[in-house]
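> The sequence and its predicted three-dimensional model are supplied below.
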Amino acid sequence: ALSAVRAAVITLLLYGLFAAVFFTNVEGWTTVEAIYFSMVTMSTVGYGDLAPTIWYSRLVGVAFILVGIILVFVQVGGV
């Protein structure tokens, strides 16, 4: 059980780190905005206050949504 929680936390941190690196460099968002976007997107809430504007950033955003949803269900199912 503890290893499943550890895996979930590590996965979440890597997910947020990727968002921070990609969206800060491509969209010019702050690190906090990029991590906020990743968490709101992964949780499927999607407030709409931040949205990718560059075409390839939008493609990464769509992939980010799909991967995020899958990660949430896999990690929750493992705990």
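All right, it came through fine.
> Only the buried residues of the worst-scoring helix or strand of the chain on mean pLDDT, if you could.
Least confident helix or strand, the chain: helix 55-78 with a mean of 84, by mean pLDDT, DSSP states H and E. For helix 55-78, a neighbour-count test (16 or more other Cβ atoms under 10 Å) marks 57, 60, 61, 64, 68, 71, 72, 75 as buried. Every C-beta, even on glycine, is put in place using the N, C-alpha and C of the backbone.
> And the residue most central in space within the chain, how far from residue 7?
Of all residues in the chain, the one closest to the mean position by Cα atoms, centre = their mean is residue 38, 3.2 Å from it. In this view, residue 38 and residue 7 are 18 Å apart by Cβ to Cβ, to the nearest Å.
> Let me know how buried residue 27 is, in neighbour terms.
Using other Cβ atoms under 10 Å, residue 27 has 18 neighbouring residues.
> Dihedrals phi and psi, it?
When quoted as degrees, to the nearest 10, the phi and psi of residue 27 stand at phi -90, psi -10.
> which strands and helices sit next to the least confident helix or strand of the chain?
helix 2-26, helix 31-42 (3 or more Cβ pairs under 8 Å, 6 or more residues apart in numbering; DSSP states H and E).
> Name all residues that make contact with residue 23.
Going by Cβ atoms under 8 Å, 6 or more residues apart in numbering, residue 23 touches 29, 33, 34, 37, 38, 52, 57.
> With distance to residue 15 added, can I get these in JSON lines?
Output for the contacts of residue 23, formatted as JSON lines (distance: Cβ to Cβ, whole Å):
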{"residue": "29", "distance to residue 15": "16"}
{"residue": "33", "distance to residue 15": "15"}
{"residue": "34", "distance to residue 15": "11"}
{"residue": "37", "distance to residue 15": "11"}
{"residue": "38", "distance to residue 15": "6"}
{"residue": "52", "distance to residue 15": "16"}
{"residue": "57", "distance to residue 15": "16"}
